[in-house]
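Peer 1: missing the sequence, but the structure's below:
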């Protein structure tokens, strides 16, 4: 096969439909858009418009609010930490913080901090420095001989 023999599969490419080229073309005058009005023009923006009837998004009541100071934590389970230790990405006995978890590939980004959850088992002795942890996670880490420093509790105690 030579470069000049290369072709697209039959029917893979379509020629562009030329609009508004006279009545004989079959797509002249209104160019396949129907008749007159807003929809015949370019830049139509009528999403949610219900013909003058009160639209659904205005008929329904507003509920709740968005807390602008809410924190978004990156959750990491004990099982994920143990898997990283087993794979040799985290060292047992070392201090593990958000930067170490990112470097090890356990998490992609820290967001507002890392929160450790107690799902799974932990056998490695880890010293964790995180933004938050569940009670079960703290118990399991201390049971494995590790330690945990939670920045969240220190901030709320002041």
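Peer 2: Thanks, I have the structure now. Not measured: the values here are computed from a predicted model.
Peer 1: Let me see the domain layout of this structure.
Peer 2: Listed by automatic domain parsing, the domain ranges of the chain are 18-64, 74-157.
Peer 1: most tightly surrounded among these?
Peer 2: When you average the neighbours per residue for each of the domains of the chain (mean count of other C-beta atoms under 10 Å), domain 74-157 leads with a mean of 16. Glycine gets a C-beta too; all of them are placed from N, C-alpha and C.
Peer 1: Roughly how far does residue 59 sit from residue 66?
Peer 2: Note on residue 59: its distance to residue 66, by C-beta to C-beta, to the nearest Å, is 22 Å.
Peer 1: what kind of secondary structure is the residue lying farthest from the centre of the chain in?
Peer 2: Ranked by distance from the centre of the chain (C-alpha atoms, centre = their mean), the top residue is residue 24, with 50.8 Å. Secondary structure, DSSP: H, G, I helix; E, B strand; the rest coil: residue 24 is helix.
Peer 1: Now for it: which residues touch it?
Peer 2: Going by C-beta atoms under 8 Å, 6 or more residues apart in numbering, residue 24 touches no other residue.
Peer 1: Mind putting the domains of the chain into JSON lines with distance to residue 9 and mean pLDDT?
Peer 2: Below are the domains of the chain laid out as JSON lines (distance: least, C-beta to C-beta, whole Å; pLDDT from 0 to 100):
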{"stretch": "domain 18-64", "distance to residue 9": "24", "mean pLDDT": "88"}
{"stretch": "domain 74-157", "distance to residue 9": "39", "mean pLDDT": "90"}
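Peer 1: Of all the ones you listed, which one is nearest residue 4?
Peer 2: Distance to residue 4, taken as C-beta to C-beta, is lowest for domain 18-64 among those, at 29.0 Å.
Peer 1: What segments of this protein are strands?
Peer 2: 74-77, 95-96, 114-117, 127-130, 132-133, 147-150 (DSSP state E).
Peer 1: Redo those strands as TSV? Include distance to residue 35.
Peer 2: Formatted as TSV, the strands of the chain follow (distance: least, C-beta to C-beta, whole Å):
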stretch	distance to residue 35
strand 74-77	55
strand 95-96	67
strand 114-117	59
strand 127-130	64
strand 132-133	61
strand 147-150	67
